[in-house]
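Novice: For reference, the sequence and a predicted model appear below.
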Amino acid sequence: MTTDQPNPNPTTLAIITGASRGIGAGIAAAAAGDGALVAACNRSASDLADHLTADLGDPAAWPVFAEWLDELVDARQPDRIVFVHNAATLTPIGFAGEVDPAGYRTNVLLNSAAPQVLGDAAIRTARRTNTPMVLVQLSSGAGKNPYPGWTSYCASKAAVDMWVRSVGVEQAERQELVRALAISPGVVATEMQAEIRSSDEEAFPNVERFRGMHDEGALAEPGEVGAKIWAIANSTSWENGTVGDLSLLD
């Protein structure tokens with residue numbers, strides 16, 4: 001856990017989980033390019049001054065994250081916060097009852113529980129410090145359509161969507177200090193997509209569809225997607241509790 005000396009004039013503090021690669025790295029780059037102070041929580045080390053190394057699939061990391069978040073906001077004293085929870089996993093791909101149970105538990109904890117627990121911690125920090133916050137959760141079409149082999153992932157994204165909708169309703173009762181948003185990034189050229197394509201058909205019957213999209217060059221670039229998510233997060237065109245996709249930028 002590291003927290004550098006306070007920046008004298010921060011405007012926006014961008015806090016991103018899973019920012020070391022893929023979409024998370026794209027969001028972090030866009031935020032930095034926009035002049036935001038960027039902080040990250042990753043499983044791996046980072047060169048960022050404000051960084052927490054933690055495995056968010058482990059419940060023991062959640063109170064550590066909450067403490068780090070409080071200390072970070074107290075030190076930086078931003079005018080506003082954009083918190084993007086991007087960390088997620090598809091592992092293990094396979095049917096419920098047929099995959100490694102320890103891996104399945106970690107999947108459920110990281111994808112279903114962590115978004116809610118970390119989101120709750122972020123709202124608490126915003127309320128304690130009276131700092132306006134935009135809270136972004138990464139959604140997916142998998143939260144609306146069942147994919148055999150992705151049972152826990154599909155369930156988690158459905159949970160994320162409803163959590164965001166519910167927070168939006170709650171914040172309408174609290175002068176909307178926090179604005180919550182869930183965004184589906186679409187099909188992006190990330191390591192997760194490479195993992196999908198390497199699946200066998202027995203574990204993931206839809207694998208050929210994703211291999212075909214890759215072969216056709218239909219995957220979006222993570223940097224472009226991250227920049228769009230950052231732009232949407234900073235837009236005022238969406239209602240609190242919105243569950244949408246990149247078309248919100250149109």
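Specialist: Nice, I can see it. Numbers count the residues shown, from 1 in each chain.
Novice: what about the helices in the protein?
Specialist: Assigned helices in the chain, in chain order: 22-33, 61-76, 101-108, 114-129, 151-171, 191-197, 207-215, 222-233 (criterion: DSSP state H).
Novice: In CSV: those, plus distance to residue 248, mean neighbour count and mean pLDDT.
Specialist: (Each C-beta comes from the backbone N, C-alpha and C, glycine too.) Below are these laid out as CSV (distance: least, C-beta to C-beta, whole Å; neighbours: other C-beta atoms under 10 Å; pLDDT from 0 to 100):
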stretch, distance to residue 248, mean neighbour count, mean pLDDT
helix 22-33, 15, 23, 94
helix 61-76, 26, 18, 97
helix 101-108, 28, 16, 96
helix 114-129, 19, 19, 98
helix 151-171, 13, 20, 97
helix 191-197, 22, 16, 80
helix 207-215, 22, 14, 82
helix 222-233, 5, 21, 95
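Novice: Pipe the ones you listed into a markdown table and attach distance to residue 135 per row.
Specialist: Converted to a markdown table, the helices of the chain look like this (distance: least, C-beta to C-beta, whole Å):
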| stretch | distance to residue 135 |
| --- | --- |
| helix 22-33 | 13 |
| helix 61-76 | 12 |
| helix 101-108 | 21 |
| helix 114-129 | 6 |
| helix 151-171 | 7 |
| helix 191-197 | 22 |
| helix 207-215 | 29 |
| helix 222-233 | 9 |
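Novice: Of these, which is nearest residue 43?
Specialist: If you check each of these against residue 43 by C-beta to C-beta, helix 61-76 wins as the nearest, at 9.5 Å.
Novice: what angle do the closest one and helix 114-129 make?
Specialist: Orientation of helix 61-76 against helix 114-129 (axes from the mean of the first three to the mean of the last three C-alpha atoms, to 10 degrees) gives an angle of 30 degrees.
Novice: Which neighbouring elements make contact with helix 61-76?
Specialist: Judged by 3 or more C-beta pairs under 8 Å, 6 or more residues apart in numbering; DSSP states H and E, the packing partners of helix 61-76 are strand 12-17, strand 37-42, strand 51-53, helix 114-129.
Novice: by contact count, what packs against the shortest one?
Specialist: Other elements packing on strand 51-53 under the criterion 3+ C-beta pairs under 8 Å, 6+ apart are strand 37-42, helix 61-76.
Novice: Next, format the ones you listed as CSV and append distance to residue 145.
Specialist: As requested, those are exported to CSV (distance: least, C-beta to C-beta, whole Å):
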stretch, distance to residue 145
strand 37-42, 29
helix 61-76, 29
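Novice: got a list of what the residue nearest to the spatial centre of the chain touches?
Specialist: Using C-alpha atoms, centre = their mean, the residue of the chain that lies closest to the mean C-alpha position is residue 86, 1.9 Å off. The contact partners of residue 86, taken as C-beta atoms under 8 Å, 6 or more residues apart in numbering, are 16-19, 23-24, 27, 138.
Novice: Repeat that for residue 117.
Specialist: Applying C-beta under 8 Å, 6+ apart, the residues near residue 117 are 59, 62.
Novice: hmm, 7 Å instead?
Specialist: When contacts are counted by C-beta atoms under 7 Å, 6 or more residues apart in numbering, residue 117 is found next to residue 62.
Novice: so residue 12 sits right up against residue 80, yeah?
Specialist: Yes: counting by C-beta atoms under 7 Å, a contact exists between residue 12 and residue 80, whose distance comes to 5.3 Å.
Novice: Have a look at the two and say which one is more surrounded.
Specialist: Between residue 12 and residue 80, counting by other C-beta atoms under 10 Å, residue 12 is the more crowded of the two (19 against 16).
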